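Undergrad: mind folding the following:
(2 chains)
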Amino acid sequence: MSIDLKTIKHISKLSRISVDEKKAEKLAGDLNSIFDFIEKLNELKTDNVEPLTSVAETTLKLRSDEVKSKNLRDQVIKNSPKENEDYFVVPKVIE
Amino acid sequence: MSDITKQSLSELVENIKGKKLSSREVTKAFVERSEKSKELNAYITEDYVNALNKAKTFDEKPNLDLKLPGIPMAVKDLFCTKDLRTTAGSKILNNFVPTYESTVTQNIWNEGAILMGKLNCDEFAMGSSNETSFFGNVQNPIDKNLVPGGSSGGSSSAVAAQLTPITIGTDTGGSIRQPASFTGTVGLKPTYGSCSRYGIVAFASSLDQAGPMAQNVKDCALLQEVISTYDEKDSTSIDFKRNEYSKELTKDIKGKKIGIPKEYRVDGMPKEIEDLWKKGIEYAKDCGAEIIDISLPHTNYALPTYYIVAPAEASSNLARYDGVKYGFRAEGENLIDMYEKTRSEGFGAEVQRRIMIGTYVLSSGYYDAYYLKAQKVRKLIKKDFDDAYKKVDAILTPSTPSSAFKIGEKTNDPVSMYLNDIFTVPVNLAGLPGISIPAGHDAKGYPLGLQIIGKAFDEQNILNIAYAMEEKINFKNNITDWWIE
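TA: Here you go, the predicted structure:
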């Protein structure tokens, strides 16, 4: 299998990470060597194997639907890079 | 009392309880040693002034019934600490100050311990040498320019160099056990669901576990007893009866059946690792254990499985770093441009690589071929262990395929770096507990570790085996304080 530059550009778009040509080439090389290594899994026949969904064979605990944290607005906004009163501020979205 | 920092955690606890030492004296000694050890680069954030004040407050009204009375402790910078910067070793969280405390660290402070600072680690715990940290390499106190392992490299370096009596790390594929092995210290990765993940910066949520890193097995058992609690804030926390690990610790392991998996004899394994393993088998026999050959047939598939599952979960977990709600933001021409620049400038190369792998294996058209396939193989790997545990109580393997390597030696080849975790990754995939104990030295004098893997929730058993073997091995770390200013 080979991951080409077009695929790298596509994944970078999905990942929301910008890549220039130089970085894309480096990433293509790295990802190809990693996927060569991952291809080993194809040696195994797994048609009749159920995928593992959780290592712990327990069912999720239920809890009552109660609000336990109140008035966290200041805490939630505290670390934001840019805010205006109670809002997170981002670059203009609507023209 | 001289040489406070040379004492083990258990000794310090005893001396504080016996009023031979005050918290202030102990904290001051570790702070002073940490200040003289900047060359190791073990700390990302120091909190010494607050630590000394808290120690003073503790001494004014000491509660000596606590398990960690007035004990100073630095922790991996992946645990959120209220009002103290938590970076996960990343530029993207460089200015992040949590408004809440992780459950594991809260448990530690509830038992009387005092936070000294935050320890360096690979960025988002992705790495095996601490070289991916935005805050620079960490030195292994064993030798200059030697990696301390990773991702909990600041933690392993700080414990081995006695900058903190004990610490905690996190382990997703070996990040506690491999650095413990590289620094001649003890590291326990508990059963998945044993320690709460609440407030730990997430990497791969189905694999991540917090655990103790210590100078000896007894200290390790004591901290495990403190940090392992059921927590309703973590939906994968498991409500099982936890032992008082340090109180129930025993060297009597007579008749315990210990399995030796033949698949761990990997191609190209150095002879000194093979010899160490043989020596380990002899030590276990001397302790009265019965040695049984076993097979874990899918061992070779564990690393490729891990490098699908872990990046897939990471790409999803790290989607939250978008420059909007917290952390670093790069300016952009529009919203999408801002996201892309923030993530491109805020994440380091290894993290970007793993997000890309994860995004690819989860993307439309590839999900079945990669992610689903990996989850099926993960089932087979878990079944290998389930079958083996019908015959044995625990499994003994080397911790790593080599001793610590030099800084820069493996940074250009991601796959050779990933191979470091070949013996530790299967344990995370199966959600089992594993402990690494120092067991010898290689020809260069660098420490080598042995790993004991247990059944799920059987931490007590592997701690006991480690405790018994530790006495027979009688390991001594060769540390010369070369970095002290």
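
Undergrad: and the strands in the stretch 1-150 of chain B, which stretches?
TA: With strands called from DSSP state E, counting those that start in this stretch, the stretch 1-150 of chain B shows them at B:43-46, B:72-76, B:114-119.

Undergrad: residue B:95 is nearest to which of these?
TA: Nearest of these to residue B:95, taken as Cβ to Cβ: strand B:43-46 at 11.4 Å. Just so you know, the C-beta spots here come from the backbone N, C-alpha and C atoms, and that holds for glycine as well.

Undergrad: is it correct that residue B:213 is in contact with residue B:159?
TA: Yes - using Cβ atoms under 8 Å, residue B:213 is in contact with residue B:159, at 5.3 Å.

Undergrad: got any residues that touch both of these two?
TA: Residues touching both residue B:213 and residue B:159 (Cβ atoms under 8 Å, 6 or more residues apart in numbering or on different chains) are B:166-167, B:185.

Undergrad: mind checking which of these are in helices?
TA: Using DSSP state H, no member of those falls in helices.

Undergrad: out of these, which comes closest to chain A?
TA: Distance to chain A across these (Cβ to the nearest Cβ) is lowest for residue B:167, with 25.4 Å.

Undergrad: quick one: contacts for that closest one?
TA: Contact partners of residue B:167, counting by Cβ under 8 Å, 6+ apart, are B:73-76, B:119, B:155, B:158-159, B:212-214.

Undergrad: next one, pLDDT for it please.
TA: Looking at residue B:167, its pLDDT reads 98.

Undergrad: could you find the closest non-adjacent residue to it?
TA: Nearest non-adjacent residue to residue B:167, counting by Cβ to Cβ, 6 or more residues apart in numbering or on different chains: residue B:155, 4.5 Å away.

Undergrad: dump the residue contacts of that neighbour.
TA: Residue B:155 makes contact with B:42, B:74-76, B:119, B:121, B:167-169, B:176, B:179, B:213, according to Cβ under 8 Å, 6+ apart.

Undergrad: contacts only, for residue B:123.
TA: Contacts of residue B:123 (Cβ under 8 Å, 6+ apart): B:88-90, B:132-134, B:347-348, B:350-351.

Undergrad: same thing but at 10 Å, please
TA: B:87-93, B:130-135, B:150-151, B:203, B:347-352, B:354 (Cβ atoms under 10 Å, 6 or more residues apart in numbering or on different chains).

Undergrad: could you tell me how many residues sit around residue 8?
TA: Since you didn't name a chain, this refers to chain A. Other residues near residue A:8 come to 20 when the count uses other Cβ atoms under 10 Å in any protein chain shown.

Undergrad: hm, I was asking about chain B
TA: Per other Cβ under 10 Å, the neighbour tally for residue B:8 reads 17.

Undergrad: and for residue B:25?
TA: Residue B:25 sits with 16 neighbouring residues when counted by other Cβ under 10 Å.

Undergrad: ok, residue A:36 to residue A:23 distance?
TA: 20 Å (Cβ to Cβ, to the nearest Å).

Undergrad: which one of those two is surrounded by more residues?
TA: residue A:23 (16 against 13).

Undergrad: how confident was the prediction at that one?
TA: We have a pLDDT of 94 for residue A:23.

Undergrad: mind listing what's buried along whichever strand or helix holds it?
TA: In the assignment (DSSP states H and E), residue A:23 maps to helix A:21-38. Residues of helix A:21-38 classed as buried by neighbour count (16 or more other Cβ atoms under 10 Å in any protein chain shown): A:23-24, A:27-28, A:30-31, A:34-35, A:37-38.

Undergrad: of these, closest to residue B:342?
TA: Out of the buried residues of helix A:21-38, the member with the shortest distance to residue B:342 (by Cβ to Cβ) is residue A:23, at 15.7 Å.

Undergrad: and residue B:135, how many residues sit next to it?
TA: Counted with other Cβ under 10 Å, the neighbours of residue B:135 add up to 21.

Undergrad: one more: residue B:370?
TA: Counted by other Cβ under 10 Å, the residues lying close to residue B:370 total 25.

Undergrad: residues in contact with the nearest residue to it once chain neighbours are set aside?
TA: Distance criterion Cβ to Cβ, 6+ apart; nearest residue to residue B:370, sequence neighbours excluded, is residue B:361 at 3.7 Å. Shown in contact with residue B:361 (Cβ under 10 Å, 6+ apart): A:35, A:38, B:307-309, B:311-312, B:315, B:367, B:369-374.

Undergrad: and for residue B:331?
TA: Counting by Cβ under 10 Å, 6+ apart, residue B:331 touches A:81-82, A:91, B:323, B:337-338, B:341-342.

Undergrad: one more pass at 7 Å, please.
TA: residue B:338 (Cβ atoms under 7 Å, 6 or more residues apart in numbering or on different chains).

Undergrad: same thing with residue B:399?
TA: Contact analysis of residue B:399 by Cβ under 7 Å, 6+ apart lists B:177-178, B:181, B:423-424, B:436, B:449-451.

Undergrad: ok, so of the residues you listed, who is nearest chain A?
TA: Nearest to chain A among those: residue B:424, at 15.3 Å, using Cβ to the nearest Cβ.

Undergrad: which residue packs closest to that closest one, ignoring adjacent ones?
TA: Spatial nearest neighbour of residue B:424, chain neighbours left out: residue B:174 (3.0 Å); criterion: Cβ to Cβ, 6+ apart.

Undergrad: in a strand, that's where the one you found is, yeah?
TA: No - with DSSP: H, G, I helix; E, B strand; the rest coil as the criterion, residue B:174 is assigned coil and is not in a strand.

Undergrad: and it, what's its pLDDT?
TA: 98.

Undergrad: tabulate the strands of the stretch 1-150 of chain B (a markdown table), appending mean neighbour count.
TA: Formatted as a markdown table, the strands of the stretch 1-150 of chain B follow (neighbours: other Cβ atoms under 10 Å in any protein chain shown):
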| stretch | mean neighbour count |
| --- | --- |
| strand B:43-46 | 21 |
| strand B:72-76 | 29 |
| strand B:114-119 | 27 |
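
Undergrad: with respect to chain A, which of those lies nearest?
TA: Chain A lies closest, by Cβ to the nearest Cβ, to one member of the strands of the stretch 1-150 of chain B: strand B:43-46, at 15.3 Å.

Undergrad: what strands line up against that closest one, and which way round?
TA: According to DSSP bridges, strand B:43-46 forms sheet pairs with strand B:114-119 (antiparallel).
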